[in-house]
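Peer 1: Pasting the sequence and the predicted coordinates here, then a few questions.
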There are 2 protein chains.
Amino acid sequence: MNIKEVAKRAKVSTATVSRTINDSEKVRPGTAARVRQAIEELNFYPNTHARTLVSGRSRMLGLIISDITNPFFPELVKSFEDQAVERGQEVIIGNTDYNPKRMAGCIRRMVERKVDGVAIMTSEADPALVTELTRRNIPTVFMDTGKTGLHSANIRIDYAQGIHEAVQHLFSLNHRRIAFIAGPMNLESARMRRDAYLSGLKSRGLSDKAMVEKGDHRIEGGAMAMRSLLKIPQRPTAVISSNDLTAIGALGAILHAGLKVPDDISLIGFDDISFANLTQPPLTTVILSRTQLAVTAFAALEALIRKDEGPHVDYSIPTHLVMRGSTRAL
Amino acid sequence: MNIKEVAKRAKVSTATVSRTINDSEKVRPGTAARVRQAIEELNFYPNTHARTLVSGRSRMLGLIISDITNPFFPELVKSFEDQAVERGQEVIIGNTDYNPKRMAGCIRRMVERKVDGVAIMTSEADPALVTELTRRNIPTVFMDTGKTGLHSANIRIDYAQGIHEAVQHLFSLNHRRIAFIAGPMNLESARMRRDAYLSGLKSRGLSDKAMVEKGDHRIEGGAMAMRSLLKIPQRPTAVISSNDLTAIGALGAILHAGLKVPDDISLIGFDDISFANLTQPPLTTVILSRTQLAVTAFAALEALIRKDEGPHVDYSIPTHLVMRGSTRAL
DNA sequence: CCCGCTCCTGTAAACGCTTACACACGGATG
DNA sequence: CATCCGTGTGTAAGCGTTTACAGGAGCGGG
């Protein structure tokens, strides 16, 4: 089943069939209708590989993430994919597992499959690996890390805003001993959150009370960090976590120590993963809309692909505190 | 950059380059080494679309699921994808959103991209839509629904086993008023779980005490169903849920009513999604290994693609109770 | 009536690879 | 020394599209 058979049935040439498929305006409506009917009758689907081979456009996009089982990502993937499918594009996904070697593999796969563009949504993108993409002029969109250029755009996430709101919220609830459980310090995004916490304290004259414990953005790290914080003689009355998984781990550690949230300790997360409002109590956290991120990234990528040399906007995603049940006035 | 340039640089023909890439044993080691060096030097990646066009094999597999944001699926997707990438295959994912129309779209995309096979992991696969695949002789693997045939295999999930273990567990803890919150009754997999609950009660002479409330496999449905159960004069002392999300909703409703789990009511879930052991208390549930499911499905699909007419007929995945903190003796 | 134009359609050459087939070479065999 | 065979390599024909280019039909103007 191919374009030739359709052509034969519609009594036209393959070129006309092709033009009809591609909605070229140079086909007379009557002819197009005949072709479409033939396509219908034969149940013909054009071969995308042949199309790609000759046109150079694969209508596929790459999406590189850290780990689909990390609850931060599924919504991101879904929104991105929805955007793509709506526009007749396919998405191929790469999980890096936080591993540069796998990242290299992902990039290779993207290149081999001739994707039209790649969105890199890991927080640990290694610039060296990405040159493989830029060298081939494959449009690329980054999250946080990466520079805006001819073939690449960067989506900034305003981590500081959300963290500042969190600090302000706790401050206004009379908390003064506010601790922070950070993420891995090799991640720029984690450093930005910690720095925002520090600057938030500083601007309220609380610099001397800063307590930063290191986590790993996972549950276990959050629990460990929290256990350390609980050992401090003047233990914190409130804790901000670098992400929700950390907060969930911290929550477990607090309960395990026989204390209560928010009665004894107020707790704030970051990301607003879907579990965040299923904890007991529901977690006060900072919303980072993955849908918005995906939509923005997709739009940026599309602009790059179409070579819209338009006003290279500075894409940015806001973050905001959402109050639920894990914080309380002192 | 193409195979010709590699051929020129290695001073061989394109055929030899192709053979080297495909690890044909008919190339003299010395020649192959020269070719590989040329490939290395030129940083050549073969064009998969051209390969597919001529060979008919796309090295892509389709994976159709209901919704990646449903926590049941990410692990499944990941394991499946890992299998694929290990073997140089690509995976394209389709979310049906529990919507037959989108399901049709997914299938169309798979056909257009000429996938070598499709794994359908939704519980609501419509046989009519799938004929599109079988008609084109595209190997297909189903979860639960679907028949084993020349070009398709079916992975049975032994829901009954896990449910029976759950009933037995509660029974041995002296529970006699055991309720069940079911899933959507149009899903065969949900009916199987409910039926297993009923047969479990029956075999223990508790048929007259059966209480089945309908949920929707989501949190809200679980909460609603639980609220109904709490209104029963002789309310249940234990509840088995058709899946974990339902149990999480039920848990919320129980706490909201001022009762405690497991002190007042024992609760059992199904699936063992990752959040199940993060609830307070950690949820006793039935493990359905998504990794095992993915590995099995992948193997079945591969066998079908290779046309292994071997004895692989009946694939089956077991389910087992895992005891955590949400059940207690009466 | 012819010319030139606009529209529409057809012809055929790519796109980058795989693979059937042909063939060259050297060693073994009779 | 002629023949045969196995091994390794080259030639070239596709795979199913898109698209540059060519060409025919119809029409208005000169």
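Peer 2: Here it is on my side, so go on. Numbering: from 1, shown residues only, chains lettered A, B, ... in the order given.
Peer 1: Chain B contacts on the stretch 201-330 of chain A?
Peer 2: Listed as neighbours of chain B in the stretch 201-330 of chain A under the rule Cβ under 8 Å from any Cβ of the partner chain: A:I219, A:I248, A:G252, A:L255, A:S274, A:F275, A:L278, A:T279, A:Q280. Using the backbone N, CA and C atoms, a C-beta is placed for each residue, glycine as well.
Peer 1: My guess is the fifth one contacts A:F72. True?
Peer 2: Think A:S274. No. Judged on Cβ atoms under 8 Å, A:S274 makes no contact with A:F72 at a distance of 10.0 Å.
Peer 1: which one of the two has more residues nearby?
Peer 2: Comparing A:S274 with A:F72 by other Cβ atoms under 10 Å in any protein chain shown, the one with more neighbours is A:F72, at 22 against 17.
Peer 1: For chain A, just list every one of the strands.
Peer 2: Counting by DSSP state E, chain A has these strands, from start to end: A:60-65, A:90-95, A:117-120, A:140-143, A:152-157, A:178-182, A:211-214, A:238-241, A:266-268, A:285-287, A:315-317, A:320-322.
Peer 1: Name the stretch among these that sits most buried.
Peer 2: strand A:238-241 (a mean of 31; mean count of other Cβ atoms under 10 Å in any protein chain shown).
Peer 1: hang on, the earlier thing: which pair of the residues of the stretch 201-330 of chain A next to chain B spans the longest distance?
Peer 2: A:L255 and A:S274 (20.8 Å; Cβ to Cβ).
Peer 1: okay, and for the stretch 201-330 of chain A, where does confidence drop off?
Peer 2: Counting by pLDDT under 70, the stretch 201-330 of chain A shows low-confidence ranges at A:308-312.
Peer 1: what about the helices in it?
Peer 2: For the stretch 201-330 of chain A, the helices defined by DSSP state H, counting those that start in this stretch occupy A:219-231, A:244-256, A:290-305.
Peer 1: Give me whichever of these is most buried.
Peer 2: helix A:244-256 (a mean of 25).
Peer 1: ok, now which ones touch the closest residue to A:R136 other than its chain neighbours?
Peer 2: Nearest residue to A:R136, sequence neighbours excluded (Cβ to Cβ, 6 or more residues apart in numbering or on different chains): A:V111, at 6.3 Å. Applying Cβ atoms under 8 Å, 6 or more residues apart in numbering or on different chains, we find A:V111 in contact with A:E132, A:L133, A:R136, A:I138, B:Y45.
Peer 1: And A:V111, what's its pLDDT?
Peer 2: pLDDT recorded at A:V111 is 89.
Peer 1: A:T134 versus that one, what's the distance?
Peer 2: Computed as Cβ to Cβ, to the nearest Å, the A:V111 to A:T134 distance reads 11 Å.
Peer 1: Kindly report the same for A:L201.
Peer 2: Taken as Cβ to Cβ, the span from A:L201 to A:T134 is 39 Å.
Peer 1: ok, the two, which is more surrounded?
Peer 2: More crowded of A:L201 and A:T134, by other Cβ under 10 Å: A:L201, with 20 against 16.
Peer 1: distance of the more buried one from chain B?
Peer 2: Distance, A:L201 to chain B, by Cβ to the nearest Cβ, to the nearest Å: 29 Å.
Peer 1: ok, that residue touching A:D195?
Peer 2: No. Assessed by Cβ under 8 Å, A:L201 is found out of contact with A:D195, at 10.8 Å.
Peer 1: Now do the residue in the stretch 51-200 of chain A that DNA strand C sits nearest to, the pLDDT please.
Peer 2: Of all residues in the stretch 51-200 of chain A, A:V54 sits closest to DNA strand C, at 3.3 Å by Cβ to the nearest atom of the strand. You'll see A:V54 listed with a pLDDT of 93.
Peer 1: residue contacts, it?
Peer 2: Per Cβ under 8 Å, 6+ apart, neighbours of A:V54: none.
Peer 1: what's the answer for A:K11, then?
Peer 2: By Cβ under 8 Å, 6+ apart, the neighbours of A:K11 are A:R34.
Peer 1: same check, this time on A:E40
Peer 2: Contact partners of A:E40, counting by Cβ under 8 Å, 6+ apart, are absent.
Peer 1: Distance of it relative to B:D82?
Peer 2: Taking Cβ to Cβ, one finds A:E40 at 39 Å from B:D82.
Peer 1: And for A:D67?
Peer 2: From A:D67 to B:D82 the distance is 11 Å (Cβ to Cβ).
Peer 1: joint contacts of the two?
Peer 2: A:N95.
Peer 1: Endpoint to endpoint, stretch A:258-269 covers what distance?
Peer 2: Stretch A:258-269 has an end-to-end distance of 20 Å (Cα to Cα, to the nearest Å).
Peer 1: Those residues of the stretch 1-150 of chain A touching DNA strand D, which are they?
Peer 2: Proximity of the stretch 1-150 of chain A to DNA strand D (Cβ under 7 Å from any atom of the strand) is limited to residues A:2-4, A:14-15, A:17-19, A:21-22, A:44-47, A:50-51, A:53-55.
Peer 1: Which of those are buried, as a ChimeraX select command?
Peer 2: For the buried members of these, the matching ChimeraX selection, counting by 16 or more other Cβ atoms under 10 Å in any protein chain shown, is:
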select /A:3,17,18,19,21,44,45,46,47,50,51,53
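Peer 1: Ignoring the adjacent residues along the chain, who's closest to A:S18?
Peer 2: Per Cβ to Cβ, 6+ apart, closest to A:S18 is A:I3, 6.4 Å.
Peer 1: quick one: low-confidence ranges for the stretch 51-200 of chain A?
Peer 2: Using pLDDT under 70, the stretch 51-200 of chain A drops low at A:146.
Peer 1: Residues of it that sit close to DNA strand C?
Peer 2: A:L53, A:V54.
Peer 1: the helices in the stretch 51-200 of chain A, which residues?
Peer 2: Under DSSP H, counting those that start in this stretch, the stretch 51-200 of chain A gives helices at A:73-86, A:100-112, A:127-135, A:159-172, A:188-202.
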